[in-house]
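K.L.:
Provided below are the primary sequence and the corresponding predicted coordinates.
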There are 2 protein chains.
Amino acid sequence: MPVDWRRSGPDLTITLDRTGAPLAVQIQEHLRVAIREGRLAAGERLPSTRRLADHLGVSRGTVVEVYEQLVAEGYVDSAVGSGTRVAELLGGDARRDSQRPVAPPAMSTARFDFEYGIPDLRSVPLRDWAWAVGEATRTMPTAGLGDEDPAGSRHLREVITAYHRRVRAGCANTDDAIVVSGFRQGLAFVLATLGRMGIDAVGLEDPGPREHDRIAGRAGLTAVPVPVDAEGLDVPALRRTPARAVLVTPAHQCPTGVALSPARRRALVAWADEVDGVILEDDYDAEFRYDRQPVGSLQGLAPDRVIALGSVSKTLAPAIRIGWILTPHRFVDALTEEKHLSSRGAPGLDQEALALLIESGRFDRHLRRMRDLYRTRRDVLTREVTAVFGPDSLHGLAAGCHAVLALPTDVSEDAVVEAARTLEVRISGLGRYRLTRKPADPALLLSFSNLTEQQLVLGVHAIAEAVRRCRRPPEGPTLPRRSGTPPTAP
Amino acid sequence: MPVDWRRSGPDLTITLDRTGAPLAVQIQEHLRVAIREGRLAAGERLPSTRRLADHLGVSRGTVVEVYEQLVAEGYVDSAVGSGTRVAELLGGDARRDSQRPVAPPAMSTARFDFEYGIPDLRSVPLRDWAWAVGEATRTMPTAGLGDEDPAGSRHLREVITAYHRRVRAGCANTDDAIVVSGFRQGLAFVLATLGRMGIDAVGLEDPGPREHDRIAGRAGLTAVPVPVDAEGLDVPALRRTPARAVLVTPAHQCPTGVALSPARRRALVAWADEVDGVILEDDYDAEFRYDRQPVGSLQGLAPDRVIALGSVSKTLAPAIRIGWILTPHRFVDALTEEKHLSSRGAPGLDQEALALLIESGRFDRHLRRMRDLYRTRRDVLTREVTAVFGPDSLHGLAAGCHAVLALPTDVSEDAVVEAARTLEVRISGLGRYRLTRKPADPALLLSFSNLTEQQLVLGVHAIAEAVRRCRRPPEGPTLPRRSGTPPTAP
């Protein structure tokens, strides 16, 4: 029932739904919106309670309640003798925001998504996870539902350190493990903590994982690029920097895919001992090694010098956001305080669920399944790339879920990436992983974990087509191209 | 089968379990542990592969594999002509940490826990949550399992803003909502962002929520105490500070329990307009108002000046760690970047589960149930405190889950808290919530949400006993005491 009090006061129409929310609530909301949108201007007098009640066909008590509520919230003013008026107060123009058009969410629409860092999302063990959360809700002690130990669930820390010992040859204690909500949060905490302890520069692999320089900058540390070669991080180069901390991906360097060589592992630990430094180990996809057992974690080798960071983003899914820090004992208190004052961390129920998932054997079973799946995909990728780009064009495939494709030296990475985009391929050049702008041969990073075999085959051919489009027409042989002659009968 | 190669090399016994893990894995782990613990010292020569294979009764290939793995991991060195030797490298004394005794987890063992901030943990809707996670695993689009929109799940942001409009009279847009992993993380992000934008001081209620001064300090802001009186934050006092941001608990001030008066709400918004400032609204327990409809959020009143922070820690459980920031549009990009570089935020599956929980009506049903439960507990607390401490000793009870108990002025808060502790009561004095050390009447903060009715009754009497023990014997009447005369027959 619309009511128009145009002639008796401000221009306002209130429509009530007699079958909906309580009438007082509906009236309040109409008035709030009218005030926010300026239809009721500051200083304007509202009708008397009796008058509005008559108009709307509601009891006077209802309108009294409405006005009282709006007074309490500061929307209107009520003074003896001057009636009820719209208050003078709105911060800025409330309408500006509420009428802004809604932007669509950013989402990849590429058919062939070689972008780095996403596991096979079709294989996320969702039923196992739902099972684990259900178990956690049934078995978790009531006290565990409250504000947990700032370091995280003790149960999960026990399970994680045991897992790390078993699978990654680590040797961290439960008390030296801190649960976080993913690798990135762990890194931010570690860098902030080292910064407070007087470490003002951190060495980063160049090329290396993206955005770590910005994360270091936020934590107040200077990011110092350290070159990577065929043996991994160039430790002699690190030695020449002022950094007393370094972030490395020893099991499978991101993005080049090389493993840190035994000599370099030793040299790195020796460096840390000499400068009283800290090695941050990003163990991001070490679980996936296909030809041999994974190389053990640096943490197990030098537990007093290494802070190991891990998460389940690559093994389960980014949407299950749990990670950990395994640290030498001297950093535990400062890291726990950093976490406590920044965020209470990962949800307690999820922590318990992950502990149960690992203890039940479901996590290992999933890893074995994924290792087989990824091995097959890697083999398909290798076969196709070799067929199309020739042998020795793919590097860094011993482990993990990505490899590097060397491009013909006469094309530009950026041009190929852009040409690939028009062919529905999402991919990045190695340049996006470089901290310095030294000249380097063009190359692409191919992440193969979230592509089916068919997508891999078609995707590689689409990339070849992109390369072809970027080569200058007159030069060289038309390398990556299938035979132009029609297929002969077998 | 134990093997002792004492006479042929280092002192080491390896016991293999033929029914257990692969033999190579077992041998490796034995050697790693021996090296870490110093039983195999740097430079020591390992037996030849043939010799060790014979000793252990395994194939030589197995031992070759073991040695290769340990070389790859940097534990041992293998040089032509000098055999395989333990590498020289261990960072510090690895044993120091691994033999440290394990500390028990910190856990409250009080029978009567009046400590602030925990909802009724026995009433957490665990079945509903498990249902919601199960639904999320079944219905969530595959792409949602990857790295989400940095602002958080769009679905949840839609649901949260609709909820905030409906229940808290807010008016934020989906695009201006950012999902975080709880209030504390949201606050840390907001303060860091304001700091980067040149706001260097934030007003905090005094008394006010604990640790917010430390969180502000970490973000690089100066915390400026602003007094609280019977109308809430003293806005004229705020005006005299250099702060251009202020953090308030307008619906139910923490800890005093007063609601920000209508005049103060308006004055606060006017202040923000004048100084081009920002009001941070901590809406922590506004859902629980018993005698009347909750006062609408400040965000709805002044959407261009207010950043609203909320979470489900008090409505569901701290172990379901999801919160949100509702912000004027001008801060969205900077806040999203802050989140993106600090942590990827709350788990995507949990975000979807919360959206489904709210959409299904289960969240509202739970809130109604909790409101009834807390109202009953509040009534029991009021009745007992009035009976034992007299009328007008309890304040701040119109909403929320805590109240303030005024103590006799001749006792010390700290002494009562300590005496209560010996009576198995966990409680804090108001002093713990003060930022400044001005003289103030002694008082206790009583949080009643996580205590049964029986615990409330017994707990109040235990507190009365603690007060009695702290009063100087000769002075005044023995106020809080039950009649000492034997009960008379009815």
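P.N.:
On my side now, so go ahead. Residues are numbered from 1 along each chain as shown, chains lettered A, B, ... in the order given.
K.L.:
what about the helix or strand hosting A:Arg368, distance to the chain center?
P.N.:
Secondary-structure element containing A:Arg368, defined by DSSP states H and E: helix A:362-389. Centre-to-centre, helix A:362-389 and its host chain are 23 Å apart (CA atoms, centre = their mean, to the nearest Å).
K.L.:
ditto for stretch A:70-86
P.N.:
Stretch A:70-86 sits 48 Å away from the centroid of its parent chain (CA atoms, centre = their mean).
K.L.:
so what touches it?
P.N.:
Stretch A:70-86 is contacted from outside by A:28, A:31-32, A:35, A:40-46, A:48-49, A:67, A:87, A:89, B:169, B:259, B:262, B:265-266, B:269, B:295-296, B:298, B:300-301, using CB atoms under 8 Å, 6 or more residues apart in numbering or on different chains. Backbone N, C-alpha and C define where each C-beta goes, glycine included.
K.L.:
check stretch A:261-276 too.
P.N.:
A:231-233, A:235-236, A:238-239, A:244, A:246, A:248, A:250, A:260, A:277-279, A:298, A:301-302, A:305-306, B:71-74, B:77, B:87-92.
K.L.:
which of those residues are buried?
P.N.:
Among the contacts of stretch A:261-276, those buried by neighbour count (16 or more other CB atoms under 10 Å in any protein chain shown) are A:231-233, A:235, A:238-239, A:244, A:246, A:248, A:250, A:260, A:277-279, A:298, A:301-302, A:305-306, B:71-74, B:77, B:87, B:89-92.
K.L.:
where does chain A dip in pLDDT?
P.N.:
For chain A, applying pLDDT under 70 flags the ranges A:1-13, A:80-82, A:89-109, A:292, A:472-490.
K.L.:
circling back to that earlier point, show me what the helix holding A:Arg368 is packed up against.
P.N.:
helix A:126-139, helix A:348-359, strand A:394-395, strand A:402-406, helix A:453-470 (3 or more CB pairs under 8 Å, 6 or more residues apart in numbering or on different chains; DSSP states H and E).
K.L.:
just the helices in the stretch 51-200 of chain A please.
P.N.:
Using DSSP state H, counting those that start in this stretch, the helices of the stretch 51-200 of chain A run over A:60-73, A:94-98, A:126-139, A:154-168, A:183-196.
K.L.:
quick one: name whatever helix or strand follows the last one.
P.N.:
It stands for helix A:183-196. Note on helix A:183-196: by DSSP H and E, the next helix or strand toward the C-terminus is strand A:201-206.
K.L.:
export that following strand as CSV, just CAs?
P.N.:
Presented in CSV, the C-alpha positions along strand A:201-206 are these (Å, rounded to 0.1, in the frame of the first residue of the first chain):
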residue,chain,number,x,y,z
ALA,A,201,68.0,-7.4,2.9
VAL,A,202,66.9,-10.8,1.4
GLY,A,203,68.4,-12.5,-1.6
LEU,A,204,65.8,-13.6,-4.1
GLU,A,205,66.4,-16.0,-7.0
ASP,A,206,66.6,-14.3,-10.4
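K.L.:
show me what that strand is packed against.
P.N.:
Strand A:201-206 sits against helix A:212-218, strand A:222-229, strand A:245-248, with contacts defined as 3+ CB pairs under 8 Å, 6+ apart.
K.L.:
so which of the ones you listed is nearest B:Ala415?
P.N.:
Nearest to B:Ala415 among the helices and strands packed on strand A:201-206 is helix A:212-218; the distance by CB to CB comes to 44.8 Å.
K.L.:
how close does the residue nearest the centre of chain A get to chain B?
P.N.:
Averaging the C-alpha coordinates of chain A gives a centre point, and the residue nearest to it by CA atoms, centre = their mean is A:Pro318 (6.6 Å). According to CB to the nearest CB, to the nearest Å, A:Pro318 and chain B sit 5 Å apart.
K.L.:
swap in A:Leu52?
P.N.:
From A:Leu52 to chain B the distance is 18 Å (CB to the nearest CB).
K.L.:
one more: A:Tyr290?
P.N.:
If you go by CB to the nearest CB, the gap between A:Tyr290 and chain B works out to 15 Å.
K.L.:
cool, A:Thr241 as well?
P.N.:
Counting by CB to the nearest CB, the gap from A:Thr241 to chain B is 19 Å.
K.L.:
swap in A:Arg51?
P.N.:
23 Å.
K.L.:
could you do A:Val278 as well?
P.N.:
From A:Val278 over to chain B the distance is 10 Å, taken as CB to the nearest CB.
K.L.:
hmm, that residue is touching A:Ala308, no?
P.N.:
No - between A:Val278 and A:Ala308 there is no contact under CB atoms under 8 Å: 11.2 Å.
K.L.:
returning to that earlier point: nearest to chain B, of the helices and strands packed on strand A:201-206?
P.N.:
Closest to chain B of the helices and strands packed on strand A:201-206, according to CB to the nearest CB: helix A:212-218, at 5.3 Å.
K.L.:
and the closest one, what does it pack onto?
P.N.:
Here helix A:212-218 touches helix A:183-196, strand A:201-206, strand A:222-229, helix B:332-342, going by 3+ CB pairs under 8 Å, 6+ apart.
K.L.:
these: which one's closest to A:Ser449?
P.N.:
Nearest of the helices and strands packed on helix A:212-218 to A:Ser449, taken as CB to CB: helix A:183-196 at 16.2 Å.
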